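Asks: sequence plus the predicted model coming up.
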There are 2 protein chains.
Amino acid sequence: MIGHFNYAILGTGALGGFYGARLQRAGFEVHFLLHGDYEHVSQHGLIVESPNGDFALPSVRAYCDTAKMPRCDVVVVSLKTTHNYLLPKLLPNVLKDDGVVLVLQNGLGVEEEVARIVGAERVMGGLCFLCSNKIAPFHIRHLAYGEIKLAEYAANYQPQGITERMRQIAADFETAGISIHLEADLLFARWQKLVWNIPDNGLSVILDAQTDELMENASTRTLVEELMWEVVKGAAACDRQIPNTFIDHMLDYTLNMTPYRTSMKIDYDEKRPMEVETMFGNPLRMAQNNGVELSKIAMLYQQLKFLDEINCR
Amino acid sequence: MIGHFNYAILGTGALGGFYGARLQRAGFEVHFLLHGDYEHVSQHGLIVESPNGDFALPSVRAYCDTAKMPRCDVVVVSLKTTHNYLLPKLLPNVLKDDGVVLVLQNGLGVEEEVARIVGAERVMGGLCFLCSNKIAPFHIRHLAYGEIKLAEYAANYQPQGITERMRQIAADFETAGISIHLEADLLFARWQKLVWNIPDNGLSVILDAQTDELMENASTRTLVEELMWEVVKGAAACDRQIPNTFIDHMLDYTLNMTPYRTSMKIDYDEKRPMEVETMFGNPLRMAQNNGVELSKIAMLYQQLKFLDEINCR
């Protein structure tokens, strides 16, 4: 990879559409894969509403088939993880030989899956801290935040430190106005993000609750904290030590944040499959492979699998 | 207590109304305490619809104040446990010196509460296996079953064996067509009943599910079984050994039963407070006092307390 990178966005939703549109607006060549909204976006481009300034891209490079896309330096995976079974067909078409796949998805374990398709040396992970909704087929509403934590992947999630490739991609995103934090250890970053994601996504669906309601009630406030401790225990089983102070930090953060409908709750309410396996199943299995049971998270997982089946049948 | 007993029914709902009406029809003197439905029942009596035969009692002894009731030999407590805070006011008015309070409620620990009011030697417990609904203020629909397991209470739930008083009350109920099983150990019987009550009442509310749905889904089928094992562990902490075969028996029973809306789910749907403390809180605390944590049941309890607060505010 030399000179300016070009980008493919696999999954032009609230997240992929937002980051891709920002990159295109900054002058990068961006190719958007769409499915249901392909016609709309081909004709109308994309509109982004954002507290950082609204903008429209009347024309974007839209595709409904990766066979028609050029090979790209950076292939951003921003599908819902429930569609990851498509990746073995999508990725080989669109990734340059010296290109890299950037997994911008929730949960754990997707980089391992992608590595089996394209090789571990061509995989990176990104953790997005973004509140954004798609309110119409070509209309994205960015609500808040947007930072990405970026890290290299290697077999068994061995930490890779900060590489030149990371800096190059970070520079592109920063040019597009997206703040990037470089992480030396992808698995640490992913477990750390689960400290918030597991209790709040899980309980918001199971109890039909917003984050503020969960924190106001003494019982669920305690349960949120207990679940956070279980995530820390799971991380420790994988040799990642999340400091205890991080829990207090996340509880304060949740207490002070604007009441929020979690991404899993939005999927559930819209009758879409939930990302249960990547956000709950994979962390549980990873801890279990290291000899540690996470019993409360296991129970959330069982409850969510039940609700997911009933919701989507 | 000599000769024929008279009966007071504290709480004339689907359960107390059904048993009381059966006793009156068989010729016993029965005094019914009512609250919201007092006027209706005073004027119209009670109607019972049942697969064992429908019947009407055009006139019953109805009260809205225990001060106006005669003292009785057997005082049946059939309130929802969420109204048990009333018992210290209700019981002393209506219990004969040599009478007995028969607690026909769900869960654990109520006999201990009642003993603090009237003395342990005047308390018995009964476990009802009854499907019955109140479909109008004076109209009870009995759906199935009806057996009561009857046992004496003593301080710290020390087993008391089978007493003469138990046989006398059993004879009255049998005369009224209610089948009675005499139990030597009240605490054993109560824990055993929780093997079914805890998973099915809890999960039916939290997951908005019927018993057949919980058994058809592989995740919740496993969770139901794991919760049953935790109840057995709680019983063991209290020196009550529930045989392993009982779990298989209860799973088979749940698989084969007619899909059923649990009593807790009915309360939740009707926006009434749920019996969370007696069915979940007290068993948890009793196990904990004996040094055993029941972590999955604790999580159900936390989830139910949240839903109860939201539902009733």
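Replies: Everything's here; your move.
Asks: going forward, measure contacts and count neighbours with C-alpha atoms only.
Replies: OK.
Asks: enumerate the residues of the stretch 201-313 of chain A near chain B.
Replies: Contact residues, the stretch 201-313 of chain A versus chain B (CA under 8 Å from any CA of the partner chain): A:206-207, A:214, A:217, A:219-220, A:223, A:295-296, A:299, A:302-303, A:305-307.
Asks: just the ones of those in helices?
Replies: A:206, A:214, A:219-220, A:223, A:295-296, A:299, A:302-303, A:305-307 (DSSP state H).
Asks: just give me the closest of those residues to B:Leu227.
Replies: Here the nearest of these to B:Leu227, counting by CA to CA, is A:Met299; it sits at 10.1 Å.
Asks: for that closest one, the count of nearby residues, please.
Replies: 19 (other CA atoms under 10 Å in any protein chain shown).
Asks: mind listing what A:Val100 touches?
Replies: A:Asp73, A:Val74, A:Val75, A:Arg122, A:Val123, A:Met124 (CA atoms under 8 Å, 6 or more residues apart in numbering or on different chains).
Asks: identify the bridge partners of the second one.
Replies: Beta-bridge partners recorded for A:Val74 (DSSP bridges): A:Tyr7, A:Val100.
Asks: low-confidence bits of chain A, can you list those?
Replies: Applying pLDDT under 70 to chain A flags the ranges A:1-3.
Asks: ok, now how distant is the most centrally placed residue in it from A:Glu111?
Replies: Closest to where the C-alpha atoms of chain A average out (CA atoms, centre = their mean) is A:Gln105, at 2.4 Å. To A:Glu111, A:Gln105 is 9 Å away according to CA to CA, to the nearest Å.
Asks: name the helix or strand for A:Met166, please.
Replies: Take DSSP states H and E as the rule and A:Met166 turns out to sit in helix A:164-175.
Asks: how far is that helix from where the chain is centred?
Replies: 18 Å (CA atoms, centre = their mean, to the nearest Å).
Asks: next: stretch A:134-151.
Replies: Using CA atoms, centre = their mean, the offset of stretch A:134-151 from its chain centre is 11 Å.
Asks: and it, what's buried?
Replies: The neighbour-count check on stretch A:134-151 (16 or more other CA atoms under 10 Å in any protein chain shown) flags A:134, A:137-142, A:146-151 as buried.
Asks: cool, stretch A:213-227 as well?
Replies: Buried-residue list, stretch A:213-227, by 16+ other CA under 10 Å: A:Glu213, A:Leu214, A:Met215, A:Asn217, A:Ser219, A:Thr220, A:Arg221, A:Leu223, A:Val224, A:Glu225, A:Glu226, A:Leu227.
Asks: same question for stretch A:306-313.
Replies: A:Phe306, A:Leu307, A:Asp308.
Asks: what does stretch A:113-128 give?
Replies: A:113-115, A:117-120, A:122-128.
Asks: where exactly do the helices run in the stretch 201-313 of chain A?
Replies: A:211-216, A:218-237, A:245-256, A:263-269, A:276, A:282-289, A:295-311 (DSSP state H, counting those that start in this stretch).
Asks: name the surrounding residues that touch the fifth one.
Replies: It refers to helix A:276. A:Tyr301, A:Leu304, A:Lys305.
Asks: chain B: which of those residues is nearest?
Replies: A:Lys305 (6.6 Å; CA to the nearest CA).
Asks: without its sequence neighbours, what residue ends up closest to that closest one?
Replies: B:Ser219 (6.6 Å; CA to CA, 6 or more residues apart in numbering or on different chains).
Asks: need the contact list for that neighbour.
Replies: B:Ser219 sits in contact with A:Gln302, A:Gln303, A:Lys305, A:Phe306, where contact means CA under 8 Å, 6+ apart.
Asks: closest to chain B out of those residues?
Replies: A:Gln302 (4.9 Å).
Asks: thought that closest one was touching B:Arg221?
Replies: No - under the criterion of CA atoms under 8 Å, A:Gln302 is not in contact with B:Arg221, lying 9.2 Å apart.
Asks: show me where the stretch 1-150 of chain A has its strands.
Replies: For the stretch 1-150 of chain A, the strands defined by DSSP state E, counting those that start in this stretch cover A:6-10, A:29-33, A:46-49, A:55-57, A:61-63, A:72-77, A:95-103, A:123-136, A:139-152.
Asks: same list (the ones you listed) but as CSV, adding distance to B:Gly99.
Replies: Formatted as CSV, the strands of the stretch 1-150 of chain A follow (distance: least, CA to CA, whole Å):
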stretch, distance to B:Gly99
strand A:6-10, 76
strand A:29-33, 79
strand A:46-49, 75
strand A:55-57, 81
strand A:61-63, 83
strand A:72-77, 74
strand A:95-103, 73
strand A:123-136, 66
strand A:139-152, 68
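Asks: please name the spatially closest residue to the closest residue to chain B within the stretch 1-150 of chain A (chain neighbours excluded).
Replies: Residue of the stretch 1-150 of chain A nearest chain B, by CA to the nearest CA: A:Thr82 (18.3 Å). Nearest residue to A:Thr82, sequence neighbours excluded (CA to CA, 6+ apart): A:Glu275, at 5.9 Å.
Asks: run a quick neighbour tally on the one you found.
Replies: So A:Glu275, with other CA under 10 Å, has 24 neighbours.
Asks: isn't it right next to A:Asn84, touching?
Replies: No - using CA under 8 Å, A:Glu275 makes no contact with A:Asn84, being 10.4 Å away.
Asks: isn't A:Thr278 up against A:Leu108?
Replies: Yes - using CA under 8 Å, A:Thr278 makes contact with A:Leu108 at a distance of 5.4 Å.
Asks: show me which of these two is the more surrounded one.
Replies: Legend: neighbour count by other CA under 10 Å for A:Thr278 and A:Leu108, higher for A:Leu108 (22 against 18).
Asks: wait, what's in contact with that one?
Replies: A:Arg190, A:Trp191, A:Thr278, A:Met279, A:Asn282, A:Pro283.
Asks: from these, keep the buried residues only.
Replies: A:Arg190, A:Trp191, A:Thr278, A:Met279, A:Asn282, A:Pro283.
Asks: and these, which is closest to B:Gly36?
Replies: A:Met279 (48.5 Å).
Asks: who are the contact partners of the closest one?
Replies: A:Asn106, A:Gly107, A:Leu108, A:Leu194, A:Asn197, A:Ile198.
Asks: ok, now A:Leu227?
Replies: By CA under 8 Å, 6+ apart, the neighbours of A:Leu227 are A:Val195, A:Ile198, A:Pro199, A:Lys296, A:Ile297.
Asks: distance of it relative to A:Asp239?
Replies: 19 Å.
Asks: export stretch A:241-252 to PDB, keeping only CA atoms.
Replies: The C-alpha coordinates for stretch A:241-252 follow below in PDB (Å, rounded to 0.1, in the frame of the first residue of the first chain):
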ATOM      1  CA  GLN A 241      -6.000  -7.000  33.100                       C
ATOM      2  CA  ILE A 242      -8.700  -4.300  33.100                       C
ATOM      3  CA  PRO A 243      -8.100  -2.100  36.100                       C
ATOM      4  CA  ASN A 244     -10.800  -2.000  38.800                       C
ATOM      5  CA  THR A 245     -11.000   1.800  38.500                       C
ATOM      6  CA  PHE A 246     -12.400   1.200  35.000                       C
ATOM      7  CA  ILE A 247     -15.600  -0.100  36.400                       C
ATOM      8  CA  ASP A 248     -16.200   3.000  38.500                       C
ATOM      9  CA  HIS A 249     -15.400   5.000  35.400                       C
ATOM     10  CA  MET A 250     -18.000   3.100  33.300                       C
ATOM     11  CA  LEU A 251     -20.700   3.400  36.000                       C
ATOM     12  CA  ASP A 252     -20.100   7.100  36.300                       C
END
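Asks: gap between that stretch and the chain center?
Replies: 21 Å.
Asks: before we move on, back to that, need the ones in helices among the residues of the stretch 201-313 of chain A next to chain B in a markdown table (columns: distance to A:Ala235).
Replies: Listed next are these as a markdown table, based on distance: CA to CA, whole Å:
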| residue | distance to A:Ala235 |
| --- | --- |
| A:Ile206 | 24 |
| A:Leu214 | 24 |
| A:Ser219 | 25 |
| A:Thr220 | 22 |
| A:Leu223 | 18 |
| A:Ser295 | 14 |
| A:Lys296 | 15 |
| A:Met299 | 18 |
| A:Gln302 | 21 |
| A:Gln303 | 22 |
| A:Lys305 | 23 |
| A:Phe306 | 26 |
| A:Leu307 | 27 |
